[in-house]
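>>> Pasting the sequence and the predicted coordinates here, then a few questions.
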Amino acid sequence: MKETDALDEYILQHIDEEDDYLKALYRATHVKLLRPRMASGHLQGRMLKMFVQMIRPKQVLEIGTYSGYSALCLAEGLGEGAVLHTFEINDEQEDFTRPWLENSPYASKIKFYIGDALKLVPPMDIRFDLAFIDGNKRFYVEYYEMILSKMDSGAYIIADNTLWDGHVLEEPNHTDTQTIGIKKFNDRVAADKRVEKVILPLRDGLTIIRKK
């Protein structure tokens, strides 16, 4: 066991517990789905819930539902009348994810869409107070610009995987379009005077962005 593994375990023992429903979903994700590492997990889930409670958004956008773990954590933090709109482009994911969302205690706060957020979100007559980006890394810049156009000043974007297992420090092969996409996104945000930003070295990197 590495020292970081021991620290990770220590952290998990000293934060709010993961409830039984999320534990069951996390187990099912690992048993039944490919790439289960894509699920947010206990630490990031508790942080997402707390961010929602701090920001108190009315309209939340999530790009990349996957198994629904992060969606449930976002929805858990929502106040009365607030709504999470979560988008998953992979239609093969629906049979697994939809029941977990619809049978959860937060089903009434979640609207689940199957399709490309880049096509479905722009026509929606909604101004988002908070967005969580965890979709296709190749299109992070496109997600970012689309989301900013649907936000007023003071709104927040949280982007996942922005350290990308440290690959952001490397010069990617021209075929590694995911690393290229993440690096372009990080460079765009760093240079963008429209926003305030900070990167947290949590799990695979979490960038917190506030629209000025």
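All right, it came through fine.
>>> Number of residues surrounding residue 163?
20 (other C-beta atoms under 10 Å). Every residue, glycine included, has its C-beta placed from N, CA and C.
>>> Kindly provide the distance from the closest residue to it other than its chain neighbours to residue 49.
Distance criterion C-beta to C-beta, 6 or more residues apart in numbering; nearest residue to residue 163, sequence neighbours excluded, is residue 205 at 2.8 Å. When C-beta to C-beta, to the nearest Å is the yardstick, residue 205 and residue 49 sit 19 Å from each other.
>>> next one: residue 26
Applying C-beta to C-beta, the value for residue 26 to residue 49 is 15 Å.
>>> Please apply the same query to residue 168.
When C-beta to C-beta is applied, the distance between residue 168 and residue 49 equals 27 Å.
>>> Also residue 130?
When distances are taken as C-beta to C-beta, residue 130 and residue 49 turn out to be 12 Å apart.
>>> Between these two, tell me which one has more neighbours.
Counted by other C-beta under 10 Å, residue 130 and residue 49 do not tie: residue 130 has more neighbours, with 27 against 19.
>>> does residue 159 belong to a helix or a strand, and which?
Of the helices and strands defined by DSSP states H and E, residue 159 is found in strand 151-160.
>>> moving C-terminal of that strand, what's the next helix or strand?
Using DSSP H and E, the helix or strand that follows strand 151-160 in sequence is helix 177-191.
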